[in-house]
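Asker: Quick one: sequence plus predicted model below, questions after.
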Amino acid sequence: MALVLKNNPMKEVSRKQRQTLAALFARRDRKDIHWDDFIGLPTELGADITERGNSMVGPGLNRHYAVFHRPHPGNVIYPSMLKINRHFLNESGVPMEIAGRRE
């Protein structure tokens, strides 16, 4: 099944990013999603990524914006960022049905 962005039907998402999307919605308290996969999903969907200093990264997609703090010293995202990313992706028009859940 191909996952495409509602506002950009020509953009198909890779299998890896579909798995990342499903992981974002699988459990609310996940602690095993790596930063590169986490920020790679909006990037692959066409988001503009802005480095904002002090480890802050801001993706913008379909006129919606979020700011995430790059984890350090590790590379695993904080569970608190999951809720922000789910809301950001949902507001940006990414279909959540592929993950088996709706926000």
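Answerer: Received, thanks.
Asker: For the rest of this, base every contact and every neighbour count on C-alpha atoms.
Answerer: OK.
Asker: Now name the helix or strand holding L89.
Answerer: Using DSSP states H and E, L89 maps to helix 79-91.
Asker: Low-confidence ranges, the chain, go.
Answerer: Across the chain, the ranges flagged by pLDDT under 70 are 1-12, 96-103.
Asker: Strands of that one, residue ranges please.
Answerer: Using DSSP state E, the strands assigned to the chain run over residues 4-5, 8-12, 48-53, 56-61, 64-65, 68-69.
Asker: ok, now which residue in this structure is the farthest from the centroid?
Answerer: The centre of the chain is farthest from one residue, P73, which by Cα atoms, centre = their mean lies 20.7 Å away.
Asker: And it, how far from K16?
Answerer: According to Cα to Cα, to the nearest Å, P73 and K16 sit 25 Å apart.
Asker: now F88
Answerer: Using Cα to Cα, F88 is found at 19 Å from K16.
Asker: Then V76?
Answerer: Taking Cα to Cα, one finds V76 at 17 Å from K16.
Asker: ok, now L24?
Answerer: On the measure of Cα to Cα, L24 and K16 end up 13 Å apart.
Asker: So for these two, which sits in the more crowded spot?
Answerer: Set L24 next to K16 and count neighbours by other Cα atoms under 10 Å: L24 wins out with 22 against 12.
Asker: mind listing what's buried in stretch 53-64?
Answerer: Across stretch 53-64, burial judged by 16 or more other Cα atoms under 10 Å covers 57-62.
Asker: cool, stretch 34-43 as well?
Answerer: In stretch 34-43, counting by 16+ other Cα under 10 Å, buried: 34-35, 37-42.
Asker: Can you flag which of those residues belong to helices?
Answerer: 35, 37-42 (DSSP state H).
Asker: out of those, which one sits closest to R52?
Answerer: I39 (14.1 Å; Cα to Cα).
Asker: distance of the closest one from I49?
Answerer: Remark: distance between I39 and I49 (Cα to Cα) = 9 Å.
Asker: repeat for G60
Answerer: 6 Å.
Asker: Over to V57?
Answerer: 7 Å.
Asker: swap in F38?
Answerer: In terms of Cα to Cα, F38 sits 12 Å off from I49.
Asker: now F68
Answerer: Taking Cα to Cα, one finds F68 at 11 Å from I49.
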